[in-house]
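[1] The following comprises the amino acid sequence and a computationally predicted model.
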Amino acid sequence: MSTFATPAGRAGTRIVGLGSYQPDTVVSNHDLAQRMETSDEWIRERVGIVNRRFARPEEKLVDMAVEAGAKAVADAGLSPSDIGAVVVATCTMPSPIPNAAAQVADRIGVKAAPAFDLNAACAGFCYALGTASDMVRSGSADHVLVIGAEKLTDWVDPVDRSTAIIFADGAGAAVVGPADEPGIGPVAWGSAGDLVDTIHIADRNSFIFQEGQSVFRWATTQIAPVAQRAVEAAGLTLSDVDVFVPHQANLRIIEAIAKRLRANGAREDMLVARDIVESGNTSSASIPLAMDHMRAAGQISSGDVALLVGFGAGLSYAGQVVRCP
Amino acid sequence: MSNEDIQKGLAEIVEEVAGVAADDVTADKSFVDDLDIDSLSMVEIAVQAEDKFGVKIPDDELANLKTVGDAVKYIAASA
């Protein structure tokens, strides 16, 4: 009987490079108050956002993904030919085909790469990171470029004050490579399809709809346990976590989850990502954007233990611990 | 548990979540108009009340609980 060969695989994986991109246009709460019934104070109180970035009409999701992805490859000290696969987490492409990943790979210079998009909405980056880590560990690819990229403004009603004040555009990326000492923990992930109606885009002519209270209740009660599972899966305890980087959904959700984690053993001096204040909610891009910004600001150092957790439409959720590159 | 005990427990939750002095949380007060509590804080109050009193307060019920007295009555009837 013939036997299938399988690749040897790798002992562990690690994030070896980060990159991010935001459009130039800064939109303040005061700008939004010009076009709808809202105010700076109302927005700060409800969601904690002060500024966000909107892409120009001609600036495409793929353009932003290319910028972030190329920076991450350079940051890793690699050349495009070293990248074995490209995964783009996104839920806001203008059309279902073509996907973003093949174009991104081609434009960055990764020739004939396996390339696919992954849609787990705001949980997308952590889903893609887990998938990429497993691809490297199993030997399917040596280095995987993972990008979260969103142009949410294409799918948001610009005068709906329940969503237009929250969502924004941008891209963040990470390169996953092999490591002798594991630097990406096992993913803790799942879904709650029974709550599908709470965040959705009904059809191609519709905008994002979100049931704020239901999503808030779910996120503030169900996500801390997911984050805890991710920590335990890596054989760590919450007190090992140096920096908590949740999806930047809403500052009040972020604070509520951090409070629960601290009540269960996370340190008081655990740094909490609050990139939403200046970046808004960029869905799958928010976690790598926050990590890259915190690194640039000198807030996190190489080797720090970061706890990532994404959550959003589906409903979907995923988290893992990583060592900062 | 008496309605008085429920109201006292609820007032403690409101104080912790929204920073409203517990003494101000009286039966006739409207959460939104008098205590200036927004919809997200109402969810946090509901979640904590569920834990404290062993009841379920779904979001669609929450919308009907306009005053502190409404909430006390609902919790008393559900507990």
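    That came in fine, so what should we check first?

[2] which residues of chain A fall in helices?
    For chain A, applying DSSP state H gives helices covering A:29-35, A:40-47, A:61-75, A:101-108, A:124-138, A:212-233, A:251-263, A:276-279, A:286-296.

[3] for chain B, same thing?
    Ranges of helices in chain B, per DSSP H, are B:3-18, B:39-53, B:59-62, B:68-78.

[4] What is the third one packed up against?
    Helix B:59-62 makes packing contacts with helix A:212-233, helix B:39-53 when contacts are defined by 3 or more Cβ pairs under 8 Å, 6 or more residues apart in numbering or on different chains; DSSP states H and E. (C-beta placed from N, C-alpha, C; glycine too.)

[5] Show me which residues of that helix are buried.
    Neighbour counts over helix B:59-62 (16 or more other Cβ atoms under 10 Å in any protein chain shown) mark B:59, B:62 as buried.

[6] What residues does chain B have near chain A?
    B:38, B:39, B:40, B:42, B:43, B:44, B:46, B:47, B:59, B:62 (Cβ under 8 Å from any Cβ of the partner chain).

[7] List buried residues within those.
    Buried members of the residues of chain B next to chain A, scored by 16+ other Cβ under 10 Å, are B:40, B:42, B:43, B:44, B:46, B:47, B:59, B:62.

[8] ok, the first one - contacts?
    Taking Cβ atoms under 8 Å, 6 or more residues apart in numbering or on different chains, we find residue B:40 in contact with A:46, A:212, A:213, A:216, A:252.

[9] Also near chain B: which of those, exactly?
    Among those, chain B is touched by A:46, A:212, A:213, A:216, A:252 when using Cβ under 8 Å from any Cβ.

[10] Most neighbours out of these, which is it?
    With neighbours taken as other Cβ atoms under 10 Å in any protein chain shown, the top of these is residue A:216, carrying 26 neighbours.

[11] need the contact list for that one.
    Neighbour list for residue A:216: A:250, A:252, A:253, B:40, B:43 [criterion: Cβ under 8 Å, 6+ apart].

[12] Mind doing that once more with 10 Å?
    Residues in contact with residue A:216 (Cβ atoms under 10 Å, 6 or more residues apart in numbering or on different chains) are A:46, A:198, A:210, A:249-250, A:252-253, A:256, B:39-44, B:47, B:59.

[13] Then residue B:56?
    Shown in contact with residue B:56 (Cβ under 10 Å, 6+ apart): B:46, B:50, B:78.

[14] got the buried residues for stretch A:167-180?
    Buried residues in stretch A:167-180, counted by 16+ other Cβ under 10 Å: A:167-179.

[15] repeat for stretch A:188-195
    Within stretch A:188-195, the residues that count as buried by 16+ other Cβ under 10 Å are A:188, A:189, A:195.

[16] So what touches stretch A:69-82?
    Residues outside stretch A:69-82 that contact it (Cβ under 10 Å, 6+ apart) are A:15-21, A:62, A:83, A:86, A:88, A:101, A:104-111, A:113, A:142-143, A:145-147, A:149, A:171-177, A:288, A:292, A:295, A:325.

[17] And that stretch, what's buried?
    Going by 16+ other Cβ under 10 Å, stretch A:69-82 has these buried residues: A:69, A:70, A:71, A:72, A:73, A:75, A:76, A:78, A:80.

[18] Please apply the same query to stretch A:281-296.
    By neighbour count on 16+ other Cβ under 10 Å, the buried set for stretch A:281-296 is A:281-295.

[19] I'd like to know how far the nearest residue to residue A:311 once chain neighbours are set aside sits from residue A:121.
    Among residues not flanking residue A:311 along the chain, residue A:317 sits closest, at 4.2 Å (Cβ to Cβ, 6 or more residues apart in numbering or on different chains). Computed as Cβ to Cβ, to the nearest Å, the residue A:317 to residue A:121 distance reads 10 Å.

[20] again with residue A:242
    Separation of residue A:242 from residue A:121 (Cβ to Cβ): 27 Å.

[21] follow-up on the earlier one: most packed of the helices of chain B?
    A comparison of the helices of chain B by mean neighbour count, using mean count of other Cβ atoms under 10 Å in any protein chain shown, puts helix B:39-53 on top with a mean of 19.

[22] what angle do that one and helix B:3-18 make?
    140 degrees (axes from the mean of the first three to the mean of the last three Cα atoms, to 10 degrees).

[23] send the alpha carbons of helix B:39-53 over as CSV?
    Only the C-alpha atoms of helix B:39-53 are listed here, as CSV (Å, rounded to 0.1, in the frame of the first residue of the first chain):
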residue,chain,number,x,y,z
SER,B,39,-28.4,52.5,27.2
LEU,B,40,-25.0,50.8,27.6
SER,B,41,-24.8,51.4,31.3
MET,B,42,-28.4,50.0,31.6
VAL,B,43,-27.0,46.8,30.1
GLU,B,44,-24.2,46.7,32.6
ILE,B,45,-26.7,47.3,35.4
ALA,B,46,-28.9,44.5,34.1
VAL,B,47,-26.0,42.0,33.9
GLN,B,48,-25.0,42.7,37.4
ALA,B,49,-28.6,42.6,38.7
GLU,B,50,-29.0,39.2,37.0
ASP,B,51,-26.0,37.9,38.9
LYS,B,52,-27.0,39.5,42.2
PHE,B,53,-30.7,38.5,42.2
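
[24] got the buried residues of stretch A:167-180 as CSV, with pLDDT and distance to chain B columns?
    Below are these laid out as CSV (pLDDT from 0 to 100; distance: Cβ to the nearest Cβ, whole Å):
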residue, pLDDT, distance to chain B
A:167, 97, 17
A:168, 98, 20
A:169, 98, 24
A:170, 98, 24
A:171, 98, 28
A:172, 98, 26
A:173, 98, 32
A:174, 98, 31
A:175, 98, 37
A:176, 98, 35
A:177, 98, 40
A:178, 97, 43
A:179, 96, 40
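
[25] Which members of the residues you listed are positioned in strands?
    A:169, A:170, A:171, A:172, A:173, A:174, A:175, A:176, A:177, A:178, A:179 (DSSP state E).
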